[in-house]
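S.K.: got a sequence here, can you model it:
(chains A and B)
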Amino acid sequence: MYPVFMAQWMKDKRKPYIILLFIGLSIIATLIFGDIDRIEQTTAMVYSTEPNAEAVEEKWLEGLNGHETIDFIISDKEEAHEQVAEGAIDVAIHLMENDYRLITSSDMPNIQIVEQYVHKVFTEEAQLEAAAGDGNTEKLRSELDSYLENPPIQVQTESIDGGEIPNYDMGMQLLFGFTLFIAMFTIGFKVNGISGDKVSGIWNRLILSPVSKTNMYIGHLLYSFCVGFLQMLIVFLIFHYVMGYDLGNLSMILVITAVFTLSMVSVAMLITGIVKTPEQFNMVYPSLIPMIPVISGVYMLPGTISNPVLQFIGDMFPLSHGVEAMTDVALFDAGWNDIALPIALMLLIGVFSMGIGINMVERRK
Amino acid sequence: MGSFLKKDLLVFWRDRKEVLLALFLPIVIIVVLNLAFSGLFDNDAESVNMNVGIVDENEHSTELEQFKLRLQEMDILEVEKEALINQASAIKPSELIVEFFNDPKLKEWIPYEKVSEAEAIKLVEEGDLDAIIKIPEGFTYDVLSSLLLEEDSSTPISILAAEQSMELNTLQNVVNDFIDTLNLQFALGSTVGADLEEPVLPQGGREVVEGVETFNISQYFTIAMSTLFALFIAQTVAMKTVTEKRERVFNRILLTNSNPLEYLMGKTLATFFLSMIQMLVTFAVTQLFLDVFPGKSLAFWVGVIVIIAAFALTVSGLSALFTSITLILNDSNAASGIFTMIVMSFGVLGGSFFPLQGLPVVFQKIGEWIPNGLTQTVLIKWIQLTSVQDLIVPIIILIVFFMACLVIAVTIFPRRGRV
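M.R.: Numbers count the residues shown, from 1 in each chain, chains lettered A, B, ... in the order given. From the prediction side, this is the model:
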C-alpha cells in the first residue's frame, strides 16, 4: 500500500504544475463563487409621463425606496423602454398619479417580486389618500406610522422548542456547496489514475509484484483521498482564518469533510467501474458532476425541490448529505448526534459504490 | 477527408452509451429545473405543498365576557361603555384569521388542519406539518384592549416551525401581508374614524415593450443547458483523441501518407454534426413535452436552427483547438483538467449556470463575448424580437471565433514526427 501511495505522490512531485494549477484554480474558484454576495439586486427604472412628471416621480420614489433587493432609478420613457428591450434591466415602471404599469420584456421570477412590492406600496398609498380625503396625507401618514409601531395584531416566528429559529444563511450553504462541488472534480481526476495505470500496463506489473490487490487499491484511493481532503482543508482554513467566516465547530466540519471525501472517492470509483477507459471517464465525469448540485438542490433554499423522485436521486450522491451536515454545524450548532444520520448515509453510499465499483473494475477482462 | 469523418462518426456510434448520455442529460436537467422552479414564484403554485396546523387556544366568548367585565369596572360613562361593548362584539380577530385560511384559493395550496398544540408539535417533528400557526390564549382579549382601549398589545400570533425553509418563508410572507393589511385597516379606523371613502385602488398590471415577446425561465433553462452541453461535446471529442493517441491510431494514420490535417478536419466536422444533433434534439424534445416555446412561427424556428448551426460551428472550432492541444500535451489527465476548466469557466461566465444580471458589469461584458453567452443573448433576443438584423453580427462573431480557433489549432497541430 505504502509504495503505491508513494508512486502516486512521486508522479505528482515530478510534474507538480498540473496538479498545483488544478488545486490552485479550484481554490480560487471556490473562494470567488463561495464568497460572492448572492443577494441579487434587481434594478427597476421608474419614469412618469404626466405633466408634473418630476413631482410624481419624487412622490413615489420616496415610497418605493427601502426594499432590500430592488433599486429604483429615475429615468425617462425612451431610455427605460430601450433598456428593457435590450434586456439590460428586467423591468421598468411607468408611474402615474395613482397607478403604475410594469414594463417588461421577459417573464423572469424577480419581476413577480417587484410587482408584489410595488402593488403593496401603491395600495397602501391609495387607502391612505382615501382616508385622508381632502386632508393632509403627511399628517395622517405620521399618525398611522406611530399607530402601527404597536399594532393590535402582531406576528412572531418561533422554533417549536421555544427560542428563535436561526436565520437560514443561504450564503453558507453555497459556500459549503461550492467547496465540496469543486473538490469532486479533483477527487475524480485522481481516482481516474487507476484506469490510467490499467491502460498503460502499470497495473499488470503491480499485480506481479508482492503488493496485494487490496493494497494497490488502498494506495491509490488513499492518495486521492489525501489530495481531495487537502484541497478542501486549505479552502476551509482560508475561509475561517483569512476571510473571517464563522464556520462553527471547525473540527466537526473537517470530520464531515473527511467522510464526504471518502464517500466521493467511492462514487468516483463506481463511475470508473462503469466506463471502460480513462478517457471515457474524462468525458462522462465532468458532464455528470455539474448536475449533482442542481438535483441535490444545493443552489436553492432547502425545500425548493419537493419532487420525491428528484429528492431520491439527489440523496444517492454524498453532496446533499455533506452540505446538510455542514450547514447544520455552522448555522445551528449541531452536535455529533445531529449529524450522525448524514454521516452514516455518506458512509453507506461510500460502502455501496466502492463495493460495486471495484467489482465492476475487477470483472472486466 | 470523408473517410476520417466516417471514422469519427463510427467512433461515436460504437460509444453509444456516452453519446446517449450527452443527448439525454441536458433534457433531464431541463425537466428537473422546470419542475423545481415551476410555479415557485406564482401564487397559485402547485409545487409549493405546505401543510399547516392551526392551534386555536383562543376562546372567543369567554374572553369577550372578560373584556366586558373589565369595561363594566372601568370609570367611564355608561353610553361609552355601551358603544365599546357593541364594537367589541363585532370584532372577532381569531375568526378573521381562520377565515383567511378558509379562502378556497388559499386553501388549495396551503391546506390546514386544526390540531392541539402537543399534537401539532409531534406532527412537525415527524415532518407531516411544515409549520404551526398558534393563536394564543387571551388573544381576543388582548386585541380588543389594544384596539378599543389603546393599550399595548402583548399576545402575538406565533408561527412555529422546526427550521427555516422555503415553505416557512412563503407562509411568513402570506401571514405577514395579511396581518399588515388588517392592521392598516384598524389604524385607519382608529385615526380617521368610520367615514372612509372608498379608495381608488391602483390597477397595476404589466405591459410588454412594444414589438417584444416575453421570454420566461423555462426558455432560459433550455437555452442555457443546451449551449452548456454542446460545450461538453467539444471536450468529449478531444478525449477521443487521447484514446487514439494511446492506441497509436494517429501514428498509423500518419503512416498512410494522408495529410494529418484531414484527421483534424474529420474531427471538427464530426463535432459539428454531433453538437448540432444534440441541440436540435434538446430543443425538439423540450418543445414537444414541455411546450417551452408556445405558438412560435416557422420563421422563428428557422432562425433558431441558424443560430444553433452557428454555435455548433463554434463548438467544432473549439474541439479542433482541444484536439491539437491534446496531441501536443503528454499528459491526458492534464489535458482533461484544462478542458474542464475552460468549459466550466465558459459555462459560468456565459451565464449557463445562472443569469448574469446579478453579477458585476465586468462579468456581464465578458459573458457577452463568450460563444455560449453570446448565443444565449442572441437566442433570447430572437425570442423577444424575431428581427433578422439582430442575428447578423453575432453570427459573424461566432464564425470568426470558429475561424480563429481553427487557425490556432492548425498552427499548433504537431508536424510529422513530433508526436
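
S.K.: which ones are touching residue 206?
M.R.: Defaulting to chain A. Each residue near A:L206 by Cβ atoms under 8 Å, 6 or more residues apart in numbering or on different chains is listed here: A:4, A:197, A:216. (Each C-beta comes from the backbone N, C-alpha and C, glycine too.)

S.K.: sorry, should have said chain B
M.R.: Taking Cβ under 8 Å, 6+ apart, one finds A:101-104, A:111, A:115 in contact with B:R206.

S.K.: can you give me the pLDDT of it?
M.R.: On pLDDT, B:R206 comes in at 80.

S.K.: what of B:L356?
M.R.: Per the predicted model, pLDDT is 68 at B:L356.

S.K.: secondary structure added to the contacts of A:L206, as a markdown table?
M.R.: Shown next, in a markdown table, are the contacts of A:L206 (DSSP: H, G, I helix; E, B strand; the rest coil):
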| residue | secondary structure |
| --- | --- |
| A:V4 | helix |
| A:D197 | helix |
| A:M216 | helix |
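
S.K.: closest one to B:T236 out of these, please.
M.R.: Relative to B:T236, the closest of those is A:D197; by Cβ to Cβ it sits at 22.7 Å.

S.K.: now that closest one, nearest residue through space, not along the chain?
M.R.: Spatial nearest neighbour of A:D197, chain neighbours left out: A:W203 (4.5 Å); criterion: Cβ to Cβ, 6 or more residues apart in numbering or on different chains.

S.K.: what is the burial count for A:M10?
M.R.: 11 (other Cβ atoms under 10 Å in any protein chain shown).

S.K.: element containing it?
M.R.: helix A:2-14 (DSSP states H and E).

S.K.: that helix close to chain B?
M.R.: No: using Cβ under 8 Å from any Cβ of the partner chain, helix A:2-14 never reaches chain B; the gap is at least 9.8 Å.

S.K.: what's that helix in contact with?
M.R.: A:19, A:190, A:193, A:206, A:211, A:215-216, A:218-220, A:222-223.

S.K.: from the rest of the structure, what touches stretch B:235-254?
M.R.: Contacts of stretch B:235-254 (Cβ under 8 Å, 6+ apart): A:199, A:277-280, A:282-283, A:286-287, B:8, B:11, B:18, B:22, B:260, B:263, B:267, B:270-271, B:274, B:319, B:322-323, B:325-327, B:332, B:335-336, B:339-340, B:343, B:416, B:419.

S.K.: and the nearest residue to B:A270 once chain neighbours are set aside, how far is that from B:T268?
M.R.: The shortest distance from B:A270 to any non-neighbouring residue, by Cβ to Cβ, 6+ apart, is to B:D8 (3.6 Å). Using Cβ to Cβ, to the nearest Å, B:D8 is found at 9 Å from B:T268.

S.K.: repeat for B:E78
M.R.: 98 Å.

S.K.: now do A:P286
M.R.: Distance from A:P286 to B:T268, by Cβ to Cβ: 21 Å.

S.K.: out of those two, which sits in the busier spot?
M.R.: Higher neighbour count among A:P286 and B:T268: B:T268, with 27 against 23, using other Cβ under 10 Å.

S.K.: show me where the stretch 1-150 of chain B has helices.
M.R.: Assigned by DSSP state H, counting those that start in this stretch, the helices in the stretch 1-150 of chain B fall at B:2-14, B:16-37, B:60-73, B:78-90, B:93-102, B:104-109, B:117-126, B:139-149.

S.K.: oh, that last question was meant for the stretch 251-365 of chain A, not what I typed.
M.R.: Going by DSSP H, counting those that start in this stretch, the stretch 251-365 of chain A shows helices at A:278-288, A:291-296, A:308-315, A:318-332, A:336-363.

S.K.: among those helices, which is nearest chain B?
M.R.: Nearest to chain B, of all those, is helix A:278-288, at 3.9 Å by Cβ to the nearest Cβ.

S.K.: near chain B at all, the closest one?
M.R.: Yes: against chain B, helix A:278-288 shows contacts by Cβ under 8 Å from any Cβ at A:278-280, A:282-284, A:286-288.

S.K.: as CSV, those with pLDDT would be great.
M.R.: CSV is the format used below for the residues of helix A:278-288 next to chain B (pLDDT from 0 to 100):
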residue, pLDDT
A:P278, 85
A:E279, 81
A:Q280, 83
A:N282, 83
A:M283, 81
A:V284, 84
A:P286, 83
A:S287, 81
A:L288, 85
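
S.K.: could I get these as CSV with distance to B:L254?
M.R.: Below are the residues of helix A:278-288 next to chain B laid out as CSV (distance: Cβ to Cβ, whole Å):
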residue, distance to B:L254
A:P278, 23
A:E279, 20
A:Q280, 25
A:N282, 24
A:M283, 25
A:V284, 29
A:P286, 29
A:S287, 31
A:L288, 34
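
S.K.: narrow those residues to those that are buried.
M.R.: A:278-280, A:282-284, A:286-288 (16 or more other Cβ atoms under 10 Å in any protein chain shown).

S.K.: in a helix, B:P414, correct?
M.R.: No: read with three-state DSSP, B:P414 is coil and lies in no helix.

S.K.: my read: it touches B:L329, true?
M.R.: No: using Cβ atoms under 8 Å, B:P414 is not in contact with B:L329, being 10.4 Å away.

S.K.: neighbour count for the two, which is higher?
M.R.: B:L329 (16 against 13).

S.K.: contact partners for that one?
M.R.: So B:L329 contacts B:A335 (Cβ under 8 Å, 6+ apart).

S.K.: pLDDT score for it?
M.R.: Looking at B:L329, its pLDDT is 83.
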